[in-house]
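Q: let me see the structure of the following:
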Amino acid sequence: MSWMLILIVVAAGFLLLERKWAPYALGSIRIRHGCDRPLVEPDEPVTWSTTVDNYSRLPIPFVRLLQDFPSETACLEEKAWRDAHCQNKYLSWYAEYRMTLRGRRSAIRRVQISFTQRGAYEVGNYQVGAGDLLGFQEEKRLGNGEKVVVMPRRSGQKAAVDAVGGFLGDVSVRRFILEDPILTTGFRDYTGREPMRTISWTRTARTGDLQVKQYDYTAEHHVVVLLNTESATEEELEECLRLTRSVCEKLEQRKIPYAFRTNGNLPGPVGKIQTMVEGLGEQHLNTILYGLGGADGTCFYSFRTLTRHTLKNRHSSDAYIVITPNVEGEASACIQKLSNAVGAPVCVLKGCEGVGDP
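A: The predicted model follows:
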């Protein structure tokens with residue numbers, strides 16, 4: 001009778017453990033995942049890594065992990081791997097992993113993927129499950145993926161991008177004609193032809209004669225890249241984004257500092273990218289490329305408003321490169337206002353000219 005009681009107690013304990021094991025095991029699992037680069041080129045091979053951690057001292061005999069990938073991603077693994085791990089879904093595909101985890105150990109799974117087109121994607125949404133001791137039931141939990149941004153391709157409008165180089169050469173020449181009111185090199189007598197604001201009253205008081213400030217020529221030229229998305233079709237928007245990338249990379253090659261303004265919705269790593277102060281370098285460029293990759297076509301305000309804000313914050317040595325879907329109607333008038341402010345033609349690149357290009 002005592003053996004029967006012991007057997008009943010053991011069986012009851014095992015059934016209780018069996019019932020509690022799967023939730024306990026699932027609660028001991030942590031998922032860490034991500035791409036080796038948060039900003040990638042279209043068709044660039046990248047590695048998606050997933051680490052499954054067992055924080056418990058006890059082993060977990062069965063773990064199943066399903067990870068979802070958008071349809072815009074391609075799996076670059078060999079066919080045998082794809083046949084063993086991949087399944088197609090509607091508008092996506094997923095990779096399935098099964099494993100056993102020892103106590104306080106981790107398992108790492110990697111897959112080579114690429115993205116076929118520009119965009120901001122949430123990759124790796126997952127379902128992780130842990131089985132009970134007998135394999136009769138499985139507890140499951142859902143989790144979110146990580147954001148990966150695919151930058152636009154470079155523009156195929158070679159003639160337009162080459163024209164930017166010629167425009168920048170003209171800007172370099174014009175800088176020796178303009179005087180920079182910040183760089184004062186000395187003083188000279190007032191002739192009556194200088195504006196009153198150039199008179200140095202401190203110097204005048206010292207000498208007894210009217211003295212005006214003598215400025216140096218502009219030491220650096222400054223470029224403002226304006227991206228207009230108003231009234232853009234989907235094809236025109238894509239070409240405008242490609243042109244913007246090509247222009248910014250051209251400025252980086254020339255080591256010319258540049259600011260950036262847009263009326264479009266460009267989500268950045270932190271907040272929206274609508275106005276970026278003048279800068280240069282990899283971080284400056286990548287921030288803009290990040291926004292271009294995530295652009296969704298939303299236009300927050302008109303090109304006229306963008307022009308007004310730009311001229312309100314204009315510096316005397318600013319030159320403008322305008323990237324716009326077209327130059328019809330109001331856009332033409334806005335470009336003319338920028339040209340009048342500069343006193344020279346503005347460099348204009350049109351997205352409509354690249355529509356239909358391969």
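Q: beyond the one helix or strand Ile288 maps to, next helix or strand please.
A: For Ile288, the host element (DSSP states H and E) is helix 282-294. Sequence order places helix 303-312 as the next helix or strand after helix 282-294, per DSSP H and E.
Q: tell me what the helix holding Ile288 is packed against?
A: strand 39-40, strand 119-123, strand 146-150, helix 234-254, strand 275-279 (3 or more C-beta pairs under 8 Å, 6 or more residues apart in numbering; DSSP states H and E). Just so you know, the C-beta spots here come from the backbone N, C-alpha and C atoms, and that holds for glycine as well.
Q: contacting residues around Ile273?
A: Phe260, Thr262, Leu266, Pro267, Thr287, Ile288, Tyr290, Gly291 (C-beta atoms under 8 Å, 6 or more residues apart in numbering).
Q: just give the nearest non-adjacent residue to the third one, would you?
A: The reference is to Leu266. Gly291 (3.1 Å; C-beta to C-beta, 6 or more residues apart in numbering).
Q: and that neighbour, what's its pLDDT?
A: At Gly291, the model reports a pLDDT of 97.
Q: once you drop chain neighbours, what's closest to Lys350?
A: Asn326 (5.8 Å).
Q: using TSV, lay out the helices and strands packed on helix 282-294 together with mean neighbour count, distance to Pro59 and mean pLDDT.
A: Below are the helices and strands packed on helix 282-294 laid out as TSV (neighbours: other C-beta atoms under 10 Å; distance: least, C-beta to C-beta, whole Å; pLDDT from 0 to 100):
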stretch	mean neighbour count	distance to Pro59	mean pLDDT
strand 39-40	18	37	96
strand 119-123	17	30	96
strand 146-150	21	28	96
helix 234-254	21	50	95
strand 275-279	14	52	90
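Q: figure out which of the ones you listed is closest to Leu226.
A: helix 234-254 (9.5 Å; C-beta to C-beta).
Q: so what does the closest one touch, helix or strand wise?
A: helix 158-174, strand 222-227, strand 258-262, helix 282-294, strand 318-324.
Q: hey, C-alpha coordinates of that helix in PDB?
A: C-alpha atoms of helix 234-254 as PDB (Å, rounded to 0.1, in the frame of the first residue of the first chain):
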ATOM      1  CA  GLU A 234       5.500  57.200 -57.100                       C
ATOM      2  CA  GLU A 235       8.000  56.900 -60.000                       C
ATOM      3  CA  GLU A 236       9.000  60.500 -59.800                       C
ATOM      4  CA  LEU A 237       9.500  60.300 -56.000                       C
ATOM      5  CA  GLU A 238      11.800  57.300 -56.400                       C
ATOM      6  CA  GLU A 239      13.900  59.100 -59.000                       C
ATOM      7  CA  CYS A 240      14.100  62.200 -56.800                       C
ATOM      8  CA  LEU A 241      15.400  60.100 -53.900                       C
ATOM      9  CA  ARG A 242      18.000  58.500 -56.200                       C
ATOM     10  CA  LEU A 243      19.100  62.000 -57.400                       C
ATOM     11  CA  THR A 244      19.300  63.200 -53.800                       C
ATOM     12  CA  ARG A 245      21.600  60.400 -52.900                       C
ATOM     13  CA  SER A 246      23.800  61.000 -56.000                       C
ATOM     14  CA  VAL A 247      24.000  64.700 -55.300                       C
ATOM     15  CA  CYS A 248      25.000  64.200 -51.700                       C
ATOM     16  CA  GLU A 249      27.600  61.700 -52.600                       C
ATOM     17  CA  LYS A 250      29.000  64.100 -55.200                       C
ATOM     18  CA  LEU A 251      29.300  66.800 -52.500                       C
ATOM     19  CA  GLU A 252      31.000  64.400 -50.200                       C
ATOM     20  CA  GLN A 253      33.500  63.600 -52.900                       C
ATOM     21  CA  ARG A 254      34.200  67.300 -53.400                       C
END
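Q: which stretches of the stretch 201-350 of the chain have low pLDDT?
A: 213-221 (pLDDT under 70).
Q: so where does Arg30 fall, helix or strand?
A: Assigned by DSSP H and E, Arg30 falls in strand 29-35.
Q: how far away is the most centrally placed residue in the chain from Lys312?
A: The structure's the chain has its C-alpha centroid closest to Tyr290; by C-alpha atoms, centre = their mean the separation is 0.9 Å. Using C-beta to C-beta, to the nearest Å, Tyr290 is found at 27 Å from Lys312.
Q: over to Ser302?
A: Counting by C-beta to C-beta, the gap from Ser302 to Lys312 is 15 Å.
Q: higher neighbour count, the two?
A: Between Ser302 and Lys312, counted using other C-beta atoms under 10 Å, Ser302 has the larger neighbour count: 16 against 7.
Q: the more buried one: what's it in contact with?
A: Glu230, Asn263, Glu330.
Q: surely the first one meets Thr307?
A: No - no contact is recorded between Glu230 and Thr307 when judged using C-beta atoms under 8 Å, the distance being 10.9 Å.
Q: okay, the two: which has more neighbours?
A: More crowded of Glu230 and Thr307, by other C-beta under 10 Å: Thr307, with 25 against 20.
Q: for the nearest residue to the more buried one once chain neighbours are set aside, what are its contacts?
A: Leaving aside its sequence neighbours, Thr307 sits nearest to Cys334 (C-beta to C-beta, 6+ apart; 4.2 Å). Neighbouring residues of Cys334 by C-beta under 8 Å, 6+ apart: Asn228, Phe303, Arg304, Leu306, Thr307.
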